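> dropping a prediction and its sequence here:
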Amino acid sequence: MAERPQKQTMRLHAFVRGVVQGVGFRYFVVHHAHRIGGITGFVRNLQDGSVEIVAEGDREQLEQLLKVVQRGPSGAVVERVDINWELATGEFTDFRVRW
């Protein structure tokens, strides 16, 4: 029997732009990362008004999170999401808001 290829852990590094601060966006992302499961990393507000997300997990899980991020919570207006895919570093143990 052939072995299944192991899933490669990836890192999603995204910058979300639009009306994404002051609308519960970070907690929305944390909630969905926990709901999807298997995702580690952080989300934080940046001084330019955008939100930065660094998330590690299986690509499929990260793509699920990305779909949610592109929609955002009610009150948010996501104008653009800039995405970089990288290899995971394994430096995170959970997913949380970073200050």
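The structure has been received and is ready for your questions.
> where along the protein do the strands fall?
9-19, 40-45, 51-58, 77-87, 95-97 (DSSP state E).
> out of these, deepest packed?
The highest mean neighbour count among those, using mean count of other Cβ atoms under 10 Å, belongs to strand 51-58: a mean of 22. Quick note: C-beta positions are derived from backbone N, CA and C, even for glycine.
> what packs against that one?
Packing partners of strand 51-58 (3 or more Cβ pairs under 8 Å, 6 or more residues apart in numbering; DSSP states H and E): strand 9-19, helix 25-36, strand 40-45, helix 59-71.
> of all the ones you listed, which lies closest to residue 78?
Closest of the helices and strands packed on strand 51-58 to residue 78 is strand 9-19, at 4.8 Å (criterion: Cβ to Cβ).
> so that closest one versus strand 51-58, what angle?
Here the directions of strand 9-19 and strand 51-58 differ by 160 degrees (axes from the mean of the first three to the mean of the last three Cα atoms, to 10 degrees).
> list the strands paired with strand 9-19, with their directions.
Note on strand 9-19: by DSSP bridges, its sheet partners are strand 51-58 (antiparallel), strand 77-87 (antiparallel).
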